[in-house]
Each structure stands twice: as C-alpha cells, then as structure tokens.
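**Q** I'll drop the sequence and a predicted model, then ask my questions.
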Amino acid sequence: MEHTISIKSQAERKVTDTKSLPFGKIPTEHMFIAEYKNGEWHNAQVVPFHDLTLSPLALCLHYGQTVFEGMKAFMTEDGHINIFRMDKHYERFIKSLHRMCMPPVPQKLFTNAIHQLVQLDGDWVPREADGSLYVRPFMIATEDRIGVKVSEEYLFMVVCSPAFQYYAKPLKVKVETNFVRAAEGGTGNAKCGGNYGGAFYPTQLAREAGYDQVLWTDSVHNEFIEESGTMNAMFFIDNVLVTPQLSGTILDGVTRDSLLTIAAAKGITVEERQISYEELIRAFEAGKRVEAFGAGTAAVVAPIEIIAIGHKEYKCYIEPDAMMYQLQKELFNIRKGVTADTNKWNYII
Ligand SMILES: Cc1ncc(COP(=O)(O)O)c(C=O)c1O
C-alpha cells in the first residue's frame with residue numbers, strides 16, 4: 001500500500017538557543033504522526049508539534065506496549081543533512097515491535113516520515129561540530145480498553161530535538177550485582193519502554209552513592225558485564241577491543257556496531273564475548289591500561305573514569321591518546337562527511 005504523507009507546515013518557525021538546554025527538552029517545530037487501525041496505516045502526516053489527546057483507557061498507559069528508536073541527523077561539512085544509519089535503526093525498530101506484538105511499519109513509510117520531517121525542520125540541525133538533531137521514532141498502543149491484551153490500534157510518531165554533548169565529563173560507574181536489567185528470554189534486546197522504567201530505581205540508588213550510571217551484570221551469575229544506561233559497554237585492554245556479545249539481554253547498539261566495524265578496519269583485534277568483572281579486576285590489579293567507555297547514539301563515546309566493583313574503585317585510562325577517542329573521531333568524520341562513507345551508513349537528504 002502506498003503511503004502519501006501530507007505536510008502541514010507552520011508559518012512561523014523560530015530556532016531558539018538550544019545549546020544551553022538539557023538533552024531532549026526542546027522539540028522542533030513539526031512532528032510526524034500516522035494511525036494504525038483495522039490492520040492498516042492511515043493519515044500519515046507531518047504536522048506542527050502538538051500534544052496528543054488519548055483516552056485514559058489507552059492500553060499504552062497501562063501495559064507498556066511501547067517501542068522507540070533514537071538516531072541522529074548531522075550537518076555535513078559540505079552543508080547536507082545526513083541521517084546516520086537509518087536502515088539499521090529501522091531493522092531494530094521492527095525487531096522490537098515484533099517482540100512487543102506490535103504491527104510493523106513499512107520501511108518506506110519509516111524512511112519517508114523521517115526524511116520529510118528532518119528536511120522540513122532542517123534549520124534545527126545544529127551547525128556546531130558537537131551538535132546533531134536527535135530523531136525519535138516511536139509507537140504506542142492506543143486502543144481504549146482496560147484489559148491485558150494486545151492493542152488493535154497504534155500511533156507511530158517521530159519527533160526531533162537538537163542535541164549536544166550528553167555527558168559533560170567522564171563517568172563514574174558502579175558494577176551492579178543486586179539488581180538486573182534483563183534476563184535471557186526477556187525483552188532486554190528490544191527497545192521497549194518497560195526496560196527503562198525498570199532500570200530507574202537501581203540507577204537512582206547508584207546516583208545517591210555518587211555514581212553516574214550502573215554497569216549491569218547478567219541475571220544468572222551477576223558476574224558478566226552487560227551494558228550501561230542507554231549505552232553498550234566497551235573495553236580496550238591489551239590492545240584488544242572487547243565488548244559483551246549480543247546475547248539477547250542487551251541492545252544491539254548501532255554505535256557499538258559502528259565502532260566495532262571502524263576498529264576492525266583499523267586492524268584492531270575485536271572480541272565480542274563475555275567479560276566478567278573479575279577479568280576487569282585482574283587487569284586493573286596487574287597494572288594494565290584499561291580503557292572503558294559507553295557507546296550509544298545519545299552519548300556517542302562516553303569515557304568511563306571510575307569503575308566501582310564491590311567496595312573498591314578502579315581508575316580507567318582516559319588520557320587524550322586513548323584509543324576510544326580515535327574511534328570516536330573516525331565515527332565523527334564519517335558522519336560529517338569528512339572521510340569516505342565506505343560502509344554506506346549515511347542517508348543524505
Ligand atoms: C539499553 C541501551 N543500550 C544500548 C544503547 C545504544 O544503542 P545505539 O548505539 O543504537 O544508540 C541504547 C540506546 O539506544 C540503549 O537504550
């Protein structure tokens with residue numbers, strides 16, 4: 001079925017000073033919205049940003065049938081807008097929707113929705129080197145009925161917000177061995193709302209103890225590193241880039257995949273495997289140089305300065321010559337069109 005997107009643009013468009021505002025606080029002037037009813041998508045529209053009217057019975061408000069994505073658009077050096085790895089985000093969106101019993105969005109509709117919206121609000125793509133436009137596609141169950149069931153109706157929407165540096169300084173993280181984020185067979189590898197709601201309490205406790213984030217461990221042994229907040233966990237030890245394998249309990253991060261590809265192309269040994277906190281302790285205690293960082297769309301590469309394991313804090317290597325900054329720089333250059341996009345990751349509007 002062909003989906004024509006109607007566009008109602010706002011006459012007056014103001015770009016405010018967004019740099020000083022917290023991440024995600026200011027939406028751009030427009031948004032995309034489409035309705036799913038009777039087994040089909042209808043009314044695909046780009047419209048001025050507005051609040052929704054939902055029945056208090058809407059299923060998403062009660063049973064968590066919600067899925068989202070997060071990607072970024074960049075202004076390239078030669079003045080084009082580049083949406084980074086839209087295809088890979090689409091693939092993950094579809095997998096998450098499947099896991100949550102939600103209907104797929106046709107790829108053409110997804111791509112056109114984002115293309116039209118980002119093009120219309122193109123003035124909002126920051127020109128500053130450290131800026132980008134965060135693009136948030138999401139779907140919610142809207143059928144109005146109290147009852148634990150799969151919804152028959154949905155809204156698929158896209159909103160955008162200018163984004164700058166996510167974390168102002170290197171992170172202090174705590175290895176979490178009491179609470180778990182996800183278990184085998186659960187929804188850990190889906191980008192569904194409930195995963196985040198469930199992570200708030202342990203993260204809040206870690207913040208109260210002076211840490212920025214937790215490093216989750218596996219649900220069986222509470223020993224193997226999983227991921228952190230909205231980032232995959234990566235380590236560079238003994239000249240090897242190590243990251244937990246895609247087990248089904250962690251998100252298949254697009255940044256993770258990009259950095260692994262960039263590292264492999266540079267001739268760096270890359271290992272996707274289990275990594276226990278015991279292995280980290282051994283490396284720290286042997287006096288090795290340990291780089292640790294989070295990899296995610298929002299934070300890109302977030303250096304970790306301190307890892308707390310039990311009652312002990314270990315210091316990671318965060319000096320300017322660290323490998324993670326080289327990988328970050330290469331990713332930056334591809335997205336800004338400075339170096340060749342050999343992997344075809346850029347979608348240029
Ligand atoms: C739980 C979780 N892990 C990892 C990531 C990193 O994924 P990506 O690099 O695709 O943003 C995210 C962010 O989307 C996330 O929410």
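**A** Everything's here; your move.

**Q** list the contacts of the nearest residue to Val47 once chain neighbours are set aside.
**A** In this structure, Val47 finds its nearest non-sequential neighbour in Lys8, 5.0 Å apart by C-beta to C-beta, 6 or more residues apart in numbering. The C-beta positions use only the backbone N, C-alpha and C, and glycine is treated the same way. Counting by C-beta atoms under 8 Å, 6 or more residues apart in numbering, Lys8 makes contact with Gln45, Val46, Val47, Pro48.

**Q** just curious, which of the residues you listed is nearest to the ligand?
**A** Closest approach to the ligand among those (C-beta to the nearest ligand atom): Val46, at 23.9 Å.

**Q** gap between Val270 and the ligand?
**A** 16 Å (C-beta to the nearest ligand atom, to the nearest Å).

**Q** isn't that residue right up against Leu259?
**A** No - counting by C-beta atoms under 8 Å, Val270 does not reach Leu259; the two are 9.1 Å apart.

**Q** what do those two both touch?
**A** In contact with both Val270 and Leu259: Leu241, using C-beta under 8 Å, 6+ apart.

**Q** who has more neighbours, these two?
**A** Leu259 (26 against 16; other C-beta atoms under 10 Å).

**Q** tell me what whatever helix or strand the more buried one lives in is packed against?
**A** Taking DSSP states H and E as the definition, Leu259 sits inside helix 254-265. Helix 254-265 sits against helix 86-99, strand 231-237, strand 240-243, strand 269-272, strand 290-296, strand 300-309, helix 323-335, with contacts defined as 3 or more C-beta pairs under 8 Å, 6 or more residues apart in numbering; DSSP states H and E.

**Q** try it again at 6 Å.
**A** For helix 254-265, the packing partners by 3 or more C-beta pairs under 6 Å, 6 or more residues apart in numbering; DSSP states H and E come out as strand 269-272, strand 290-296, helix 323-335.

**Q** residues from the stretch 51-200 of the chain in reach of the ligand?
**A** Gly70 (C-beta under 6 Å from any ligand atom).

**Q** what does the helix or strand of the chain with the lowest mean pLDDT contact?
**A** In the chain, no helix or strand scores lower on mean pLDDT, DSSP states H and E than strand 6-7, which sits at a mean of 84. Here strand 6-7 makes contact (C-beta atoms under 6 Å, 6 or more residues apart in numbering) with Gln45, Val46.

**Q** who in the stretch 201-349 of the chain is up against the ligand?
**A** Glu227, Thr230, Met231, Asn232, Leu251, Gly253, Val254, Thr255, Arg256, Ala295, Gly296, Thr297.

**Q** in the chain, where is pLDDT below threshold?
**A** Scanning the chain for pLDDT under 70 picks out 1-2, 11-18.

**Q** helices along that one, start to end?
**A** 60-63, 86-99, 107-120, 193-197, 200-208, 254-265, 277-285, 323-335 (DSSP state H).

**Q** now these in a markdown table, with distance to Tyr36?
**A** Shown next, in a markdown table, are these (distance: least, C-beta to C-beta, whole Å):
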| stretch | distance to Tyr36 |
| --- | --- |
| helix 60-63 | 12 |
| helix 86-99 | 11 |
| helix 107-120 | 11 |
| helix 193-197 | 17 |
| helix 200-208 | 29 |
| helix 254-265 | 25 |
| helix 277-285 | 43 |
| helix 323-335 | 32 |
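
**Q** out of those helices, nearest to Met139?
**A** Nearest of the helices of the chain to Met139, taken as C-beta to C-beta: helix 86-99 at 6.6 Å.

**Q** just the CA trace of the closest one, in PDB.
**A** C-alpha atoms of helix 86-99 as PDB (Å, rounded to 0.1, in the frame of the first residue of the first chain):
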ATOM      1  CA  MET A  86      18.600   4.900   9.400                       C
ATOM      2  CA  ASP A  87      18.400   1.300   7.900                       C
ATOM      3  CA  LYS A  88      20.000  -0.300  10.900                       C
ATOM      4  CA  HIS A  89      17.700   1.700  13.300                       C
ATOM      5  CA  TYR A  90      14.700   0.600  11.200                       C
ATOM      6  CA  GLU A  91      15.800  -3.100  11.500                       C
ATOM      7  CA  ARG A  92      16.000  -2.800  15.200                       C
ATOM      8  CA  PHE A  93      12.600  -1.000  15.400                       C
ATOM      9  CA  ILE A  94      11.000  -3.900  13.500                       C
ATOM     10  CA  LYS A  95      12.600  -6.500  15.800                       C
ATOM     11  CA  SER A  96      11.400  -4.500  18.900                       C
ATOM     12  CA  LEU A  97       7.900  -4.200  17.500                       C
ATOM     13  CA  HIS A  98       7.800  -7.900  16.800                       C
ATOM     14  CA  ARG A  99       8.800  -8.800  20.300                       C
END
